[in-house]
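> Give the three-dimensional model of this entry:
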Amino acid sequence: MYSCRIAKLVPFHVQIISHVLHPFLPLIIFWVFIPIAMKVIKKEANEIASSVHMYKEMQ
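Numbers count the residues shown, from 1 in each chain. Next up is the predicted model:
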(Lines give C-alpha, C1' and ligand atoms only; values in the text may rest on other atoms or scores of the structure.)
Protein backbone atom coordinates (compact mmCIF):
# COMPACT_ATOMS: atom_id res chain seq x y z
CA MET A 1 0.00 0.00 0.00
CA TYR A 2 2.77 2.41 0.93
CA SER A 3 4.66 1.88 -2.35
CA CYS A 4 1.48 2.54 -4.34
CA ARG A 5 1.13 5.97 -2.75
CA ILE A 6 4.76 6.78 -3.52
CA ALA A 7 4.37 5.52 -7.08
CA LYS A 8 1.53 7.97 -7.62
CA LEU A 9 3.63 10.88 -6.35
CA VAL A 10 6.76 10.11 -8.39
CA PRO A 11 6.60 10.45 -12.20
CA PHE A 12 7.02 7.25 -14.18
CA HIS A 13 10.26 8.30 -15.90
CA VAL A 14 11.83 9.00 -12.50
CA GLN A 15 10.92 5.49 -11.36
CA ILE A 16 12.50 3.97 -14.48
CA ILE A 17 15.69 6.00 -14.10
CA SER A 18 15.99 5.12 -10.41
CA HIS A 19 15.47 1.40 -11.09
CA VAL A 20 18.11 1.46 -13.82
CA LEU A 21 20.67 3.45 -11.82
CA HIS A 22 20.10 1.77 -8.45
CA PRO A 23 22.35 -1.27 -9.15
CA PHE A 24 25.15 1.06 -10.25
CA LEU A 25 24.91 3.35 -7.23
CA PRO A 26 27.83 1.73 -5.32
CA LEU A 27 30.05 2.04 -8.39
CA ILE A 28 29.10 5.69 -8.82
CA ILE A 29 29.85 6.36 -5.15
CA PHE A 30 33.26 4.68 -5.40
CA TRP A 31 34.03 6.49 -8.67
CA VAL A 32 33.34 9.88 -7.07
CA PHE A 33 34.47 9.54 -3.46
CA ILE A 34 37.57 7.33 -3.69
CA PRO A 35 39.54 9.82 -5.86
CA ILE A 36 38.54 12.63 -3.47
CA ALA A 37 39.69 10.56 -0.49
CA MET A 38 42.95 9.68 -2.24
CA LYS A 39 43.68 13.38 -2.88
CA VAL A 40 43.08 14.16 0.79
CA ILE A 41 45.32 11.28 1.90
CA LYS A 42 48.11 12.36 -0.48
CA LYS A 43 47.84 15.97 0.70
CA GLU A 44 48.07 14.93 4.35
CA ALA A 45 51.00 12.60 3.60
CA ASN A 46 52.84 15.41 1.81
CA GLU A 47 52.24 17.77 4.73
CA ILE A 48 53.55 15.19 7.20
CA ALA A 49 56.58 14.46 5.02
CA SER A 50 57.40 18.15 4.63
CA SER A 51 57.10 18.79 8.36
CA VAL A 52 59.37 15.79 9.10
CA HIS A 53 61.86 17.08 6.52
CA MET A 54 61.84 20.56 8.11
CA TYR A 55 62.27 19.02 11.57
CA LYS A 56 65.33 17.04 10.40
CA GLU A 57 66.85 20.18 8.84
CA MET A 58 66.45 22.09 12.10
CA GLN A 59 68.51 19.56 14.04
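> how about low-confidence regions in this structure?
1-8, 51-59 (pLDDT under 70).
> Going along the chain, name the helices of it.
In the chain, the helices defined using DSSP state H lie at 2-9, 12-21, 25-58.
> In CSV, list these along with mean neighbour count.
Every C-beta, even on glycine, is put in place using the N, C-alpha and C of the backbone. Compiled in CSV, the helices of the chain are given as follows (neighbours: other CB atoms under 10 Å):
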stretch, mean neighbour count
helix 2-9, 8
helix 12-21, 10
helix 25-58, 10
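> Tell me the spacing between the residue most central in space within the chain and His19.
Among the residues of the chain, the one closest to the centroid is Phe33, at 2.6 Å (CA atoms, centre = their mean). Applying CB to CB, to the nearest Å, the value for Phe33 to His19 is 23 Å.
> repeat for Phe30
Relative to His19, and taking CB to CB, Phe30 is found at 20 Å.
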